[in-house]
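Student: from the sequence below, what's the structure:
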Amino acid sequence: MTDKQKRFVEEYLIDLNATQAAIRAGYSVKNANSIGLQMLNKTQVAAEIGRRMAERSKRLGVNADRIVTELAKIAFANAGDIIDPVDGCIKEDAAPEDLAAIQSIKVKTMDGAKMSSRELEVKLSEKTKALELLGKHIGMWNDKIDVNVTLPVVISGDDKLED
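Tutor: I've put the predicted structure just below:
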């Protein structure tokens, strides 16, 4: 690989955007879109990107099973198992897999002359999106309609084409 191709690989791994990687690697802005596509189609470049992405996934422990597990935690979390309905606090016995579904916690404390109050807001990650992604993963929804149908066609009698 050339030095410029190596630079393209480095830049591509930042955001997986071939056009921007081509620009940052020093290729022409005007032709960056087509150059980025060409670079991804080069055997050596594609192999190096694949090798580096696999290396990063292994180093970080990111794999399909882990991602699906985390999505399942979000999708199947039950707010009643996490948040005490009386005081709005997180339950002490909440399971770690349920706690993984918490997106944010906000605490607001207000002190007044006669009294003080505390407001707690617990926001869970979006279940609908997690369920949608899991459904796609297992093939529940198919956004593509296959219109390629093979049917035998028999032409006879009056339907027959003239010679």
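
Student: which neighbouring elements make contact with the longest helix seen in the chain?
Tutor: When the chain is parsed with DSSP state H, its longest helix is helix 43-60. Under the contact criterion of 3 or more Cβ pairs under 8 Å, 6 or more residues apart in numbering; DSSP states H and E, the helices and strands touching helix 43-60 comprise helix 3-15, helix 32-41. For every residue, glycine as well, the C-beta is placed using N, CA and C.

Student: mind doing that once more with 10 Å?
Tutor: Contacts of helix 43-60 with other secondary structure elements, assessed using 3 or more Cβ pairs under 10 Å, 6 or more residues apart in numbering; DSSP states H and E, are made with helix 3-15, helix 32-41, helix 64-75.

Student: now the second one: how far from the chain's centre is it?
Tutor: Put simply, helix 32-41 sits 23 Å off its chain's centre (Cα atoms, centre = their mean, to the nearest Å).

Student: now stretch 94-103
Tutor: 20 Å.

Student: could you report the pLDDT at the residue most central in space within the chain?
Tutor: By Cα atoms, centre = their mean, the chain has its centre lying nearest to L133, at 8.1 Å. Listed pLDDT for L133 reads 86.

Student: do the same with G36
Tutor: What the model reports for G36 is a pLDDT of 94.
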